[in-house]
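S.K.: based on what follows, work out the 3D shape:
(one chain, ligands or ions: 2)
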Amino acid sequence: MNNTFRSGFVSIVGKPNVGKSTLMNKLLGEKVSIISPKPQTTRQQVKGILTDENKQIIFLDTPGFVEARYELHTKMLEYLKNALKDSDVIVFITDAHKFPTNYDKKMCSLLNSLKKPKIALLNKIDLVEQNIVTGKLKELNEMDFEKVIPISILNNSNFSGLLEMITDFLPFNPPFYDPQEISDLPMRFFAQELIREQIFLRFRDEIPYASSVIVESFKELPNKIEISANIWIERKSQKPIILGKGGEKIKALKKASEKEMYKLLGKRIKLELWVKIKANWRKKKNALREFGYL
Ligand SMILES: Nc1nc2c(ncn2[C@@H]2O[C@H](COP(=O)(O)OP(=O)(O)OP(=O)(O)O)[C@@H](O)[C@H]2O)c(=O)[nH]1
Ligand SMILES: [Mg+2]
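M.R.: Numbering: from 1, shown residues only. Ligands and ions are numbered 1, 2, ... in the order given. Presented below is the predicted three-dimensional model:
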């Protein structure tokens, strides 16, 4: 390793649903963070590590900051603040269709107080007219960002130079993590998240938000992986919704989760799912601790 090697932490921040996890996965070329069309999909800080011969970038995908209505939200906010504190570069993402929301204004004033290089991405430009993009870029350019880029992460527009731009802001450091690692989180965590992603994709209203998934056992055998997981919900009335008529919903959930896990882990998966109730877990500190929101 020579002294031109760059390494550092990059937090990706922005309102729920703007595309933070989509960006991180795309930059990494791996599905490390789960994605859904619903806001508040990411609940914890998810680290994704990219290493090559010149650099190691540790991306911190954060939960979008939310008004703390639940103890869970207080935790989500704490993850965000810690990520900002720890990072060398901040990537702020906003939705071209909606910018500037109240959320954006609050976030930008929080970012203003941090003396670190900041990049603003005006995302989802595939969904808006060019003249609107131009107006919004002007507004962003008047703010405290080193770079402002219109982008469509989904369509790859303006995506190619981004990694290099981020790298140029990183300090010269030896790598922090083993070059083989793509995350510091255990496989159990990814299994949990992939089940939670399917819940976000398959259920409506309160169900995704009232669900938490815990992998109780994870056994790797030579030709398959056996996983048993609990889906914790908040109310008795939510159980029949998750199970579906004759168990059809949970069967489909299990099948889709197995398929996603197979893609990530490269081995046949045998998944068992159990639905359990812990009343109002989102409001309870000890339940959150038990569910891994430390
Ligand atoms: N049209 C369009 N959709 C996008 C683009 N980038 C991301 N999306 C979609 O936006 C939705 C939200 O993406 P996520 O990556 O889960 O958003 P997030 O910011 O991580 O959201 P939270 O985890 O809830 O804070 C998904 O349905 C993505 O496919 C884009 O450039 N264009
Ligand atoms: Mg996310």
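S.K.: residue ranges of the strands in the stretch 51-200 of the chain, please?
M.R.: 55-61, 89-95, 118-123, 147-150 (DSSP state E, counting those that start in this stretch).
S.K.: residue 191 is nearest to which of those strands?
M.R.: Nearest to residue 191 among the strands of the stretch 51-200 of the chain is strand 55-61; the distance by C-beta to C-beta comes to 17.7 Å. The C-beta positions use only the backbone N, C-alpha and C, and glycine is treated the same way.
S.K.: are that closest one and ligand 1 in contact anywhere?
M.R.: No: contact of strand 55-61 with ligand 1 (C-beta under 6 Å from any ligand atom) is absent, the minimum separation being 6.7 Å.
S.K.: that strand: how far from the chain's middle?
M.R.: 13 Å (C-alpha atoms, centre = their mean, to the nearest Å).
S.K.: do that strand and ligand 2 meet at all?
M.R.: No: Strand 55-61 stays clear of ligand 2 (C-beta under 5 Å from the ion), getting no nearer than 5.9 Å.
S.K.: now do stretch 113-130
M.R.: No: using C-beta under 5 Å from the ion, stretch 113-130 never reaches ligand 2; the gap is at least 12.6 Å.
S.K.: counting by contacts, list what the helix or strand bottoming out on mean pLDDT in the chain packs against.
M.R.: The weakest-scoring helix or strand in the chain, judged by mean pLDDT, DSSP states H and E, is helix 71-86 (a mean of 84). If you count contacts as 3 or more C-beta pairs under 8 Å, 6 or more residues apart in numbering; DSSP states H and E, helix 71-86 packs onto strand 6-14, helix 285-290.
S.K.: rank the ones you listed by pLDDT, which is bottom?
M.R.: Mean pLDDT is lowest for helix 285-290 among the helices and strands packed on helix 71-86, at a mean of 90.
S.K.: ok, and what's touching that one?
M.R.: 71, 72, 75, 214, 278, 281, 282 (C-beta atoms under 8 Å, 6 or more residues apart in numbering).
S.K.: 10 Å instead?
M.R.: 70-72, 74-75, 212, 214, 232, 234, 278-282, 284, 293-294 (C-beta atoms under 10 Å, 6 or more residues apart in numbering).
S.K.: show the pLDDT at the residue located most distally from the centre of the chain.
M.R.: Using C-alpha atoms, centre = their mean, the residue of the chain lying farthest from its centre is residue 246. It sits 33.1 Å away. At residue 246, the model reports a pLDDT of 97.
S.K.: which SS class is it?
M.R.: Here residue 246 is helix, with the state taken from DSSP: H, G, I helix; E, B strand; the rest coil.
S.K.: do the same with residue 274
M.R.: strand.
S.K.: burial of the nearest residue to it once chain neighbours are set aside, as a residue count?
M.R.: For residue 274, ignoring the flanking residues on the chain, the nearest one in space by C-beta to C-beta, 6 or more residues apart in numbering is residue 230 at 5.0 Å. By the measure other C-beta atoms under 10 Å, the count of residues near residue 230 is 19.
S.K.: the one 5 residues further on too?
M.R.: When counting by other C-beta under 10 Å, one arrives at 13 neighbours for residue 235.
S.K.: give the contact list for it.
M.R.: 206, 210, 241, 277, 278, 279, 280.
S.K.: restricted to strands, list those residues.
M.R.: residue 277 (DSSP state E).
S.K.: pull out the buried members of the contacts of residue 235.
M.R.: When these are checked for burial by 16 or more other C-beta atoms under 10 Å, the buried set is 210, 241, 278.
S.K.: now, which of those lie close to ligand 1?
M.R.: Answer for the buried ones among the contacts of residue 235 near ligand 1: none qualify (C-beta under 6 Å from any ligand atom).
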